[in-house]
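Q: Return a 3D structure for these sequence lines:
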Amino acid sequence: MGMTGAERVFVDTNILVHANNEDSIFHQAAQKTLLELQARGVEFWISRQVLREYAVIISRKMNEKKAFNAAALNGDLKRFASEFVVADEDAQVTQILMSLIKSHDVKGKPIHDANIVATMLAKGLSKLLTQNVKDFERYEPLIEIFPLNVVA
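A: Below is the predicted model of the structure:
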């Protein structure tokens with residue numbers, strides 16, 4: 001699955017939201033970052049969780065401005081599923097998640113972030129592109145964080 005030897009980067013949900021939302025103040029930075037990494041030959045990874053989170057955020061944003069557009073949202077999700085390597089959440093991801101919850105005393109909403117880290121570790125990915133650096137700092141020895149503004 002995927003190219004061998006290519007640099008592999010996991011793309012956090014917020015990057016997809018910024019890149020695909022023209023109203024975001026980070027819109028251009030996110031697009032520029034993805035294009036620069038793509039030009040470098042980076043292989044982008046996401047997970048089923050990222051697709052779900054994107055759907056939640058974008059459908060909420062659509063409702064704020066105009067009628068919800070299911071076709072547009074489905075179009076985005078289809079495009080992501082074809083442009084990115086999509087990691088499935090399997091039993092190994094759950095095992096790693098449970099150990100992260102224990103080792104890092106994770107509770108509440110941050111469990112979503114822990115699950116992203118668990119997915120990355122299960123798939124042998126060490127680099128995360130995110131705009132929410134603070135949410136992932138506690139996992140820093142396990143993963144390398146690329147903050148949006150530094151790469152852009």
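
Q: and the gap between P110 and V93?
A: 16 Å (C-beta to C-beta, to the nearest Å). Yep, even glycine has a C-beta here, placed from its N, CA and C like the rest.

Q: who has more neighbours, the two?
A: Using other C-beta atoms under 10 Å, the more surrounded residue of P110 and V93 is V93, with 23 against 15.

Q: Mind checking the pLDDT average for the helix or strand harbouring that one?
A: If you go by DSSP states H and E, V93 is part of helix 91-103. Averaged across helix 91-103, the pLDDT comes to 98.

Q: for stretch 16-34, same thing?
A: Stretch 16-34 comes out at a mean pLDDT of 93.

Q: Show me how far the helix holding V93 is from its chain's centre.
A: In this view, helix 91-103 has its centroid 18 Å away from the chain centroid, taken as C-alpha atoms, centre = their mean, to the nearest Å.

Q: Just the buried positions in it, please.
A: Applying a neighbour-count criterion of 16 or more other C-beta atoms under 10 Å, one finds 93, 96-97, 100-101 buried in helix 91-103.

Q: what do you get for stretch 28-41?
A: If you call a residue buried by 16+ other C-beta under 10 Å, then stretch 28-41 has these buried ones: 29-31, 33-34, 37.

Q: Filter these down to the ones in helices?
A: Among these, the members falling in helices (DSSP state H) are 29-31, 33-34, 37.

Q: burial of the closest residue to D76 other than its chain neighbours, as a residue count?
A: Leaving aside its chain neighbours, D76 sits nearest to N20 (6.1 Å; criterion: C-beta to C-beta, 6 or more residues apart in numbering). A total of 18 residues lie near N20 under the criterion other C-beta under 10 Å.

Q: how close does N20 sit to F80?
A: As judged by C-beta to C-beta, N20 and F80 stand 9 Å apart.

Q: A91 too?
A: Distance from A91 to F80, by C-beta to C-beta: 24 Å.

Q: contacting residues around the helix holding V93?
A: 87, 106-107, 111, 114-115, 117-119, 121-122, 139 (C-beta atoms under 8 Å, 6 or more residues apart in numbering).

Q: Check those residues and tell me the two furthest apart.
A: Farthest pair in the contacts of helix 91-103 (C-beta to C-beta) is A87 and K107. Separation: 23.9 Å.
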